[in-house]
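> sequence plus predicted model, see below.
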Number of protein chains: 2
Amino acid sequence: MSGKAATERLKLLIAYDGRPYRGWQSQTAKNGVQDFIEGAFARIVGERVVVHGSGRTDTGVHALGQVAHADVPLGKLTLTAWGTALNANLPPEIRILRIRKAPAGFHARFDACGKIYTYRVYHGPMLHPLEVGRAWHLHSELDLELLRDCAAKLLGEHDFAGFAASRGRAEDTVRTLRRIDVKRRGSIVTLTFEGSGFLYRMVRLLTGTLMRCAQHRAPAAWIDELLAGKGRIKTSFAAPADGLYLTRVLY
Amino acid sequence: MSGKAATERLKLLIAYDGRPYRGWQSQTAKNGVQDFIEGAFARIVGERVVVHGSGRTDTGVHALGQVAHADVPLGKLTLTAWGTALNANLPPEIRILRIRKAPAGFHARFDACGKIYTYRVYHGPMLHPLEVGRAWHLHSELDLELLRDCAAKLLGEHDFAGFAASRGRAEDTVRTLRRIDVKRRGSIVTLTFEGSGFLYRMVRLLTGTLMRCAQHRAPAAWIDELLAGKGRIKTSFAAPADGLYLTRVLY
């Protein structure tokens, strides 16, 4: 006997180019990706709809498979019509790739059991103009074998506090890294990280630190020290946002 | 015994993202790609250097291999230093990929004996956000066999006036199309055009018209009529600038 109208929960699969926006999260200036999607819902529904993402992405970080949920008036539109209506109200750099009805109680953030991030490095004397904002440009020597050896040290369950930017609040900093793949194709070196979850800036700090080692500008043992230090020592070598892509959220 | 200082001619290989600029050619508002390169030369040399491109590209058209020449004071910089200095004075979306000394009398436009353009079509229900400005989005059915058959009609020497936007001046409209390759890789359909030269808007008009046929929205015989018409009938189906790339200039 609630006074509130009945709703249904939608699960959205979202891709975006990170460059035009101030990250995922809602901003005062209303230029977060979340703001645009909430704005699209509001225009369709006529009232505020809160969109809950699986987690934040920083300014300039791209998404190939961000996931979010939102509650909408029951039976207002079909799933196909929701997709069409939302995309019609979004800039072309943000697309709702897929919409499903979410299971009861589904939560995009709390139900996630893992994430996959991809980091693109452009390795060559000069960044190609069509890669601006889409890859990190490195030109000095890169030892991919060493990179893979260093990456292997990070696999498994560790306290990753040494690879996290502080957000000024106490949190559990233990995470499990299940996979780090390193691939080269022409000038593009791609790192794929799959883990149970990632701390704030963790993928960028992992990538930046791995690259320091792979360029022989830091010893591989530094990775061991950062893991053993559990946050008493921290790396500050964060790779830029440009090369980072949230590829998939696992449930 | 000229009063002018001795110069040497440089041949530049240039790539750019077409989106931020008003095409190749110098503009009153100084936002053509040519303006930026001339500005970079002027800052290095201290006086105006005219940059002659192989031809124009429209607003939004990309270049992977535009060629230009320019005369600079003899012995002022090494070729490597020219490249570094120019790129340091250019936005990251414009890069000088390579610099050579040009043979005496070399002219980027008049000496070109052909060009290769690539056109990218994104064929799928929804344009991926990272393809915005970089491909033409088509979602209805696309018959690639028919597309190849229609493309084959265009090969060889023809009067392509039916596939040209008028620039209001009489010109020879006979050109030779040596090759049109059609390839699909996932959602991306790529058309590669190699020809002796291309009229104004010709690649976009060829692509737009071919796609109308490949979507069964125009009969294949229309291509024959446009060729036979020699400009008495004209196509107006121009593919957007977003998908067009000047890939190579042949000398």
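Thanks, I have the structure now.
> near the nearest residue to residue A:251 once chain neighbours are set aside, how many other residues are there?
Nearest in space to residue A:251, with sequence neighbours left out and distances taken as C-beta to C-beta, 6 or more residues apart in numbering or on different chains, is residue A:111 at 5.6 Å. C-betas here are computed from N, CA, C, even on glycine. Look at residue A:111: counted by other C-beta atoms under 10 Å in any protein chain shown, it has 17 neighbours.
> likewise residue A:65?
Residue A:65 has 18 nearby residues by other C-beta under 10 Å.
> that one belongs to a strand, doesn't it?
Yes - judged by DSSP: H, G, I helix; E, B strand; the rest coil, residue A:65 forms part of a strand.
> and it, how far is that from residue A:87?
Distance, residue A:65 to residue A:87, by C-beta to C-beta, to the nearest Å: 16 Å.
> now do residue A:14
10 Å.
> any idea how far the residue nearest to residue A:251 is from residue A:101?
15 Å.
> and for residue A:213?
From residue A:213 across to residue A:101, the span is 46 Å (C-beta to C-beta).
> show me the strands in chain A, by range?
A:7-16, A:51-53, A:62-73, A:94-101, A:114-123, A:136-138, A:156-159, A:174-185, A:188-195, A:244-250 (DSSP state E).
> ok, which of those comes nearest residue B:77?
Each of those was scored for nearness to residue B:77 using C-beta to C-beta, and the closest is strand A:136-138 (23.4 Å).
> before we move on, back to that, mind listing the shared neighbours of residue A:14 and residue A:87?
Taking C-beta atoms under 8 Å, 6 or more residues apart in numbering or on different chains as the contact rule, the neighbours common to residue A:14 and residue A:87 are A:95-96.
> neighbour count for those two, which is higher?
Ranked by neighbour count (other C-beta under 10 Å), residue A:14 and residue A:87 place residue A:14 first, with 27 against 17.
> residues near the closest residue in space to the more buried one that isn't next to it in sequence, how many?
Leaving aside its sequence neighbours, residue A:14 sits nearest to residue A:66 (C-beta to C-beta, 6+ apart; 4.4 Å). Using other C-beta under 10 Å, residue A:66 is surrounded by 29 other residues.
> contacts only, for residue A:66.
Residues in contact with residue A:66 (C-beta under 8 Å, 6+ apart) are A:13-16, A:24, A:33, A:53-54, A:57, A:246, A:249.
> most neighbours, which of the residues you listed?
residue A:33 (31 neighbours).
> where does pLDDT dip in the stretch 101-250 of chain A?
Low-confidence segments of the stretch 101-250 of chain A (pLDDT under 70): A:167-169.
> up against chain B, what does it have?
A:126-130, A:132, A:134 (C-beta under 8 Å from any C-beta of the partner chain).
> most widely separated two among these?
For those, with distances taken as C-beta to C-beta, the pair at the greatest spread is A:126 and A:134 (14.8 Å).
> for the closest residue to residue A:153 other than its chain neighbours, give me its contacts.
Leaving aside its chain neighbours, residue A:153 sits nearest to residue A:223 (4.8 Å; criterion: C-beta to C-beta, 6+ apart). Counting by C-beta under 8 Å, 6+ apart, residue A:223 touches A:150, A:153-154, A:209-210, A:213.
> let me have the residues you listed in CSV, adding neighbour count as columns.
CSV is the format used below for these (neighbours: other C-beta atoms under 10 Å in any protein chain shown):
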residue, neighbour count
A:150, 26
A:153, 19
A:154, 20
A:209, 23
A:210, 28
A:213, 22
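> tell me the average confidence for stretch A:7-24?
The pLDDT scores in stretch A:7-24 average 95.
> how far does that stretch stretch from one end to the other?
End-to-end distance for stretch A:7-24, by C-alpha to C-alpha, to the nearest Å: 24 Å.
> got it, and stretch A:55-63?
11 Å.
> separation between residue A:111 and residue A:178?
18 Å.
> what residues are up against residue A:74?
Per C-beta under 8 Å, 6+ apart, neighbours of residue A:74: A:5-8.
> count the neighbours of the closest residue to it other than its chain neighbours for me.
Nearest residue to residue A:74, sequence neighbours excluded (C-beta to C-beta, 6+ apart): residue A:6, at 4.2 Å. Using other C-beta under 10 Å, residue A:6 is surrounded by 9 other residues.
> pretty sure residue A:6 contacts residue A:73?
Yes - with contacts counted by C-beta atoms under 8 Å, residue A:6 reaches residue A:73, the gap being 7.5 Å.
> residue contacts, the residue lying closest to residue A:21 once chain neighbours are set aside?
Spatially, and ignoring its direct neighbours in sequence, residue A:21 is nearest to residue A:33 (5.1 Å; C-beta to C-beta, 6+ apart). Neighbouring residues of residue A:33 by C-beta under 8 Å, 6+ apart: A:14, A:16, A:21, A:23-24, A:57, A:63, A:66, A:94.
> and residue A:33, how far is that from chain B?
To chain B, residue A:33 is 10 Å away according to C-beta to the nearest C-beta, to the nearest Å.
> cool, residue A:36 as well?
12 Å.
> can you pull the contacts of that residue?
A:21, A:90-91, A:94.
> how near is it to residue A:91?
Going from residue A:36 to residue A:91 by C-beta to C-beta gives 7 Å.
> check contacts around residue A:58.
By C-beta under 8 Å, 6+ apart, the residues touching residue A:58 are A:18, A:23, A:201, A:204, A:241, A:244.
> doesn't residue A:18 make contact with the fifth one?
What that stands for is residue A:241. Yes - if you go by C-beta under 8 Å, residue A:241 and residue A:18 touch, sitting 6.7 Å apart.
> any residues in contact with both of these two?
A:58-61.
> CSV for the contacts of residue A:36, including neighbour count?
Output for the contacts of residue A:36, formatted as CSV (neighbours: other C-beta under 10 Å):
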residue, neighbour count
A:21, 24
A:90, 19
A:91, 16
A:94, 23
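> show me which pair in the residues you listed is furthest apart.
So, the contacts of residue A:36 by C-beta to C-beta: farthest apart are A:21 and A:90, at 11.3 Å.
> list the buried ones in stretch A:45-55?
A:49, A:51-55 (16 or more other C-beta atoms under 10 Å in any protein chain shown).
> can you name the residue of the stretch 151-251 of chain A nearest chain B?
Nearest residue of the stretch 151-251 of chain A to chain B, counting by C-beta to the nearest C-beta: residue A:245, 8.9 Å away.
> pairing partners for that residue in the sheet, please.
Beta-bridge partners for residue A:245, by DSSP bridges, are residue A:62, residue A:118.
> from residue A:194, how far out is residue A:77?
Applying C-beta to C-beta to residue A:77 and residue A:194 gives a distance of 34 Å.
> residue A:53 too?
Residue A:53 sits 19 Å away from residue A:194, going by C-beta to C-beta.
> quick revisit: and which of the shared contacts of residue A:241 and residue A:18 is nearest to residue B:116?
residue A:60 (33.2 Å).
> spatially, what comes nearest to the closest one if we skip its sequence neighbours?
residue A:241 (3.4 Å).
> who are the contact partners of residue A:60?
For residue A:60, the contacting residues are A:18-19, A:23, A:133, A:240-242, A:244, by C-beta under 8 Å, 6+ apart.
> please redo it, this time with the cut-off set to 7 Å
A:18-19, A:133, A:241-242 (C-beta atoms under 7 Å, 6 or more residues apart in numbering or on different chains).
> closest one to residue B:159 out of those, please.
For those, the residue nearest residue B:159 by C-beta to C-beta is residue A:133; the value is 42.8 Å.
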